[in-house]
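> Curious how this folds, go ahead:
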Amino acid sequence: NYSFVPQNGLMTITKRNVFVVADNQERVYGDNNPNFSQSFISNGASTGFVNGDNSANALGIHGSLGGVDASAISPSSNVGNYTLVSSVGNLTSTNYNFVSQNGFLKIDPRPIQVTANNASRLYGGDNPNLTYQIESDQGLGTNSRGLFNTDQLNGALSTLAIYTTPVGNADINQGTLNNP
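Numbering: from 1, shown residues only. Modelled structure (predicted):
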């Protein structure tokens, strides 16, 4: 009933995306930045290397991978999250498009241990100035890192002891002592 006339079609095969991601990192305020790195990842079923390909053996990969730009992040950068800018550099491939995806550096608070110095006074007298020490872990197992650079604490220690407090001991507390 039919006279079949074949007409060939054309299938277009396009490059597959491979994401170059700046690896997330974490460090403590005041520490040097870690070595930053990037990874090739798949981001869903339609991305990433296939057929046994990888960054070392995929057909027609040329050029070099760029680095991670974190030039605005220094040891004195405040606690928080910072963008690590990924770069594919001049990397090209016959079968793949390389797409950069940023990561982040999380800067955590610096642990310090503040120890109130013991103090004494006579019954009915004025309280002395309350002082403290900031411990720096030197094998003491405190994990205190000490203050960074020229950082200082603000405020003062406090005590509930007043001139009518009876003979004995009274706690010295954090009071308003904090970091700015």
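> Would you point out which residue is most central in the protein?
The residue lying closest to the centre of the chain (CA atoms, centre = their mean) is residue 106, at 2.0 Å.
> That residue: what's its closest spatial neighbour, skipping adjacent residues?
residue 26 (4.5 Å; CB to CB, 6 or more residues apart in numbering). Any C-beta I mention is one placed from the backbone N, CA and C, and that applies to glycine too.
> Where does pLDDT dip in this structure?
Residues of the chain that meet the criterion pLDDT under 70 lie in 137-142.
> Would you map the strands across this structure?
Using DSSP state E, the strands of the chain run over 16-22, 25-28, 38-41, 80-84, 96-101, 103-108, 113-116, 132-135, 158-159, 172-173.
> Any idea which of the ones you listed gets closest to residue 9?
Closest approach to residue 9 among the strands of the chain (CB to CB): strand 16-22, 21.5 Å.
> Quick one: work out the angle between that closest one and strand 96-101.
Following axes from the mean of the first three to the mean of the last three CA atoms, to 10 degrees, one obtains 30 degrees for the angle between strand 16-22 and strand 96-101.
> shouldn't the residue nearest to the centre of the chain be in contact with residue 33?
No - using CB atoms under 8 Å, residue 106 is not in contact with residue 33; the gap is 11.9 Å.
> Any chance you could list residues touching both of the two?
Each of 25, 27 lies in contact with both residue 106 and residue 33 under the rule CB atoms under 8 Å, 6 or more residues apart in numbering.
> tell me the contacts of residue 66?
86-91, 100.
> right, I mislabeled it, should have said residue 151
Contacts here follow CB under 8 Å, 6+ apart; on that basis residue 151 touches residue 179.
> got it, and residue 86?
20-22, 38, 66, 68, 100-103.
> what's the farthest-apart pair in the residues you listed?
Top of the distance list for the contacts of residue 86 (CB to CB): 66 and 103, 13.6 Å.
> Quick one: end-to-end length of stretch 34-42, please.
End-to-end span of stretch 34-42 (CA to CA, to the nearest Å): 25 Å.
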